[in-house]
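Engineer: Sharing a model prediction with you, sequence too.
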Amino acid sequence: MLYSRYFIPTTKETPSDAEVVSHQLMLRAGMIRKLASGIYNYLPLGLRSIRKFENIVREEMNKADAIEMLMPSVQPAELWQESGRWAFYGKELLRFKDRKEAEFCMGPTHEEVITDMVRREIKSYRQMPLNFYQIQTKFRDEIRPRFGLMRGREFIMKDAYSFDVDSAAADLSYEKMYNAYMRIFERCGLNFRAVEADTGSIGGSSSHEFMVLADSGEDAIVSCDACRYAANIEKAESPLYSVGSNASAEPLQKVSTPAMKTIADVAAFLNVTADNTIKTLVYASDNGDLAMALLRGDHELNELKLKNYLGWDEIQMASEEQILACTGSPVGFLGPIGLKQDIPVIADRVVQGMTNLVLGANEVDQHFINANRGRDFEVSGFVDIRTVEAGDACPRCDTGKLEMWRGIEVGHVFKLGTKYSKALNATYLDANGREQIIFMGCYGIGIGRTVAAAIEQNHDENGIIFPIPIAPFHCSVVAVNTKDAGVMAAAEEIYFCLEKLGVEVLFDDRDERPGVKFKDNDLIGIPLRIVVGSKGLAEGKVEVKIRSTGEVLSLSLDEVVTTVKQLIDTAFAHQE
RNA sequence: CGGUGAGUAGCGCAGCCUGGUAGCGCACCUGCCUUGGGAGCAGGGGGUCGCUGGUUCGAUUCCAGUCUCACCGACCA
């Protein structure tokens, strides 16, 4: 490719509305341009990287026996009404009507469409297992699109859907996809973790997220430093503390704690440590149900765990009015003793072993000391409802400690069970001629987001440092002075030879000063740069600079082509 | 949807307080010069000052409304 005939609109200055590095660099490198909020043009260079990654995904999907197809982005409302998600999905689903006033939506995901196809075509257990995938544009009307391709409204996604005869077979399909995902992100040279995750609005029984580690990541994840346990913090299990204190129960006593509203205030005032106190929180569901949560004073609640335990659709902190109605006290002095309404009191498991507690008395400026469960109050259950912290013991092994990371979710695999197949009545006949419900799994990879995440993880002050497998070009040839006929001839020769070998070369033949070319080549992340200049040429030498290490090789004209080809082959060697 | 801030040339910004029809840097075009890390000189093109209305002889500037964008939050594969 001739740079002078190609289209790479780089900029020196960073657009003011780009917040994260990947967004800034993709704009500056001329990979993307914004059309509207969360909606982007993929410029030629950006598209090349996207296509590179798509092909890696495609290869691994095919190897894992998934079959490529393509579904429409416009979907009829009927299917969504049938699955129940037309009502459930909310404003994120972009809806509209056609000329006949029939309702449609832009597909945010394709469970309905694929399940509809499968229920029409799949009749027998002999036809399964099946796994269909597509690489296609999704639209989700996000409340707040941000960070460029990281959280767009329109974005490219690989989604796959597996269909199996039973749960055990579905587990195998899941495992195949999980392993394929591991290979995909390994091939891109990304530093990532597969973590246990909540299933969210997609539903189903279990799931893993694939998280690229980056400080700008929107998710918090923990991983064990000794075993393989890793989880999204939303899901991460809190370790079981050794329960049972030997202290004998002291008499319950009400004490005055004037204007002491926070755990820290109360603990300091009563001269106890925060881990002897109880934090009391009241939560409300969307239809007005209330529940009280008890945690050790220095612990944080995990709202998702509480929500899942209670089986609520939505969870939020109760309003002042709701709290006053059920406890008789304003926030700051809440506790489980003497409630005005009968609401569930959920205690974190850690609370089970605590004795002689400090907790609110449901009266302004009053707390109890030496409160004990069983004697002074009861709870509806002991449940893991706290948020894990860095340094917590691993819930799975004896020796490990949890480490905390920020991550970008680039892939997510779900075991769906029969959620959609049941709703849409996707069935088959088993060997006994009996009708059975199909078991499903679904598997997504954010294509653009992965490319952005790769940049987030691979850049320096000069720009992008693309891992070769997803770099838009493998290498470039920079002719230092295009007016020097010798330089141009040598550069062209190298360019033609490399192209003949199947290497993707960007030939920087622009009539620009060398500094401009070097800066642009660095910015767009070309992994290998071959520089042909008159000085080196006088000695029969050209220079090869490796973007990732900064290493510079001085090579003779004879060897440069084979050496570069070798360097590239080596980079791809572990790939297959 | 709540909070904050911003809309002036393709990009980054100034001007607005104190009204008189718009400026700087980068980019772009022409010429000269230059060629190993975003050179230099000279000349040039490009703007309904987000939109609508009001005040005024006159509005980018003051007032009201409205739209859009970004950030924080809530939300979210």
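Structural biologist: It's in.

Engineer: which residues of chain A score low on pLDDT?
Structural biologist: Scanning chain A for pLDDT under 70 picks out A:200-205, A:241-246, A:574-576.

Engineer: residue closest to the middle of it?
Structural biologist: A:E409 (1.1 Å; Cα atoms, centre = their mean).

Engineer: Verify the contact between it and A:A214 for me.
Structural biologist: No - between A:E409 and A:A214 there is no contact under Cβ atoms under 8 Å: 11.0 Å. Yep, even glycine has a C-beta here, placed from its N, CA and C like the rest.

Engineer: And the helices in the stretch 351-500 of chain A, which stretches?
Structural biologist: Counting by DSSP state H, counting those that start in this stretch, one finds helices in the stretch 351-500 of chain A at the ranges A:419-423, A:447-457, A:485-500.

Engineer: name the helices or strands packed onto the second one?
Structural biologist: Pointing back at helix A:447-457 there. Judged by 3 or more Cβ pairs under 8 Å, 6 or more residues apart in numbering; DSSP states H and E, the packing partners of helix A:447-457 are helix A:21-28, helix A:44-63, strand A:154-164, strand A:206-213, strand A:402-417.

Engineer: what residues are up against the nearest residue to the residue nearest to the centre of chain A once chain neighbours are set aside?
Structural biologist: Spatially, and ignoring its direct neighbours in sequence, A:E409 is nearest to A:E209 (5.1 Å; Cβ to Cβ, 6 or more residues apart in numbering). Counting by Cβ atoms under 8 Å, 6 or more residues apart in numbering, A:E209 touches A:A194, A:V195, A:A197, A:D219, A:I221, A:N232, A:G407, A:E409, A:G411, A:H412.

Engineer: how does it look with 10 Å?
Structural biologist: By Cβ atoms under 10 Å, 6 or more residues apart in numbering, the contact list for A:E209 reads A:181, A:192-198, A:219, A:221, A:230-232, A:234-235, A:407-414, A:444.

Engineer: Ok, A:A169 next?
Structural biologist: Contacts of A:A169 by Cβ under 10 Å, 6+ apart are A:Y125, A:M128, A:P129, A:S162, A:F163, A:F439.

Engineer: got it, and A:Q127?
Structural biologist: A:V118, A:E121, A:F163, A:V165, A:Y428.

Engineer: got it, and A:A236?
Structural biologist: Applying Cβ under 10 Å, 6+ apart to A:A236 gives the contacts A:195-197, A:220-223, A:229-230, A:302, A:305, A:384, A:387-389, A:392, A:394-395, A:402, A:404.

Engineer: which SS class is it?
Structural biologist: coil (DSSP: H, G, I helix; E, B strand; the rest coil).

Engineer: From A:A220, how far off is it?
Structural biologist: Remark: distance between A:A236 and A:A220 (Cβ to Cβ, to the nearest Å) = 9 Å.

Engineer: Kindly export stretch A:480-493 (C-alpha atoms) in CSV.
Structural biologist: In CSV, the C-alpha atoms belonging to stretch A:480-493 read as follows (Å, rounded to 0.1, in the frame of the first residue of the first chain):
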residue,chain,number,x,y,z
VAL,A,480,13.7,9.2,4.0
ASN,A,481,14.1,11.4,1.0
THR,A,482,11.8,10.8,-1.9
LYS,A,483,13.8,13.1,-4.2
ASP,A,484,16.8,10.8,-3.9
ALA,A,485,16.4,8.3,-6.8
GLY,A,486,18.7,5.8,-5.2
VAL,A,487,16.7,5.8,-2.0
MET,A,488,13.4,5.5,-3.8
ALA,A,489,14.7,2.6,-5.9
ALA,A,490,16.0,0.7,-2.9
ALA,A,491,12.8,1.4,-0.9
GLU,A,492,10.6,0.3,-3.8
GLU,A,493,12.6,-2.9,-4.2
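
Engineer: Show residues contacting that stretch.
Structural biologist: Counting by Cβ under 10 Å, 6+ apart, residues outside stretch A:480-493 touching it are A:4, A:477-479, A:507-514, A:517-518, A:530-538, A:540, A:542-543, A:557, A:560-561.

Engineer: hmm, 6 Å instead?
Structural biologist: Residues outside stretch A:480-493 that contact it (Cβ atoms under 6 Å, 6 or more residues apart in numbering): A:V477, A:A479, A:D511, A:P514, A:V532, A:G533, A:S534, A:L537.

Engineer: try stretch A:422-440
Structural biologist: Outside stretch A:422-440, the residues that touch it by Cβ under 6 Å, 6+ apart are A:82-83, A:115, A:118-119, A:122, A:124-125, A:163-164, A:166-167, A:170, A:416, A:418, A:420-421.

Engineer: got the residues of the stretch 1-150 of chain A near RNA strand B?
Structural biologist: Residues of the stretch 1-150 of chain A lying close to RNA strand B by Cβ under 7 Å from any atom of the strand are A:10-17, A:19, A:28, A:36-38, A:92, A:108-109, A:138, A:140, A:142-147.

Engineer: So which of these are in helices?
Structural biologist: A:R28 (DSSP state H).

Engineer: Tell me how many other residues surround the closest residue to A:I494 other than its chain neighbours.
Structural biologist: Leaving aside its sequence neighbours, A:I494 sits nearest to A:V477 (Cβ to Cβ, 6+ apart; 5.4 Å). A:V477 is flanked by 27 other residues according to other Cβ atoms under 10 Å.

Engineer: A:V477 contacts A:I530, doesn't it?
Structural biologist: Yes - under the criterion of Cβ atoms under 6 Å, A:V477 is in contact with A:I530, at a separation of 4.7 Å.

Engineer: related to what we said a few turns ago, type out the ChimeraX command that picks the buried ones from the residues of the stretch 1-150 of chain A next to RNA strand B.
Structural biologist: ChimeraX command restricting these to the buried ones, with burial defined by 16 or more other Cβ atoms under 10 Å:
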select /A:10,28,38,108,109,138,140,142,145,146,147
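
Engineer: Which parts of chain A belong to which domain?
Structural biologist: Domains of chain A are assigned by automatic domain parsing as A:3-237+A:404-456, A:253-383, A:473-573.

Engineer: start to end distance for the second one?
Structural biologist: I take that to be domain A:253-383. In domain A:253-383, first residue to last residue: 27 Å (Cα to Cα, to the nearest Å).

Engineer: roughly how far out does that domain sit from the chain middle?
Structural biologist: 33 Å (Cα atoms, centre = their mean, to the nearest Å).

Engineer: ok, now stretch A:30-50?
Structural biologist: For stretch A:30-50, the distance to the chain centre is 21 Å (Cα atoms, centre = their mean).

Engineer: what's the answer for stretch A:420-434, then?
Structural biologist: Taking mean C-alpha positions (Cα atoms, centre = their mean), stretch A:420-434 and its chain are 33 Å apart.

Engineer: With stretch A:182-195 instead?
Structural biologist: Relative to its parent chain, stretch A:182-195 has a centroid offset of 12 Å by Cα atoms, centre = their mean.

Engineer: cool, and stretch A:2-15?
Structural biologist: Taking Cα atoms, centre = their mean, the mean C-alpha location of stretch A:2-15 is offset from the chain mean by 30 Å.

Engineer: which residues are contacting it?
Structural biologist: By Cβ under 6 Å, 6+ apart, stretch A:2-15 touches A:24, A:27-28, A:30, A:44-45, A:506-510, A:520, A:523.

Engineer: How many neighbouring residues does the closest residue to A:D376 other than its chain neighbours have?
Structural biologist: Once flanking residues are discounted, A:D376 sits nearest to A:L252: 5.2 Å by Cβ to Cβ, 6+ apart. Using other Cβ under 10 Å, A:L252 has 16 other residues around it.
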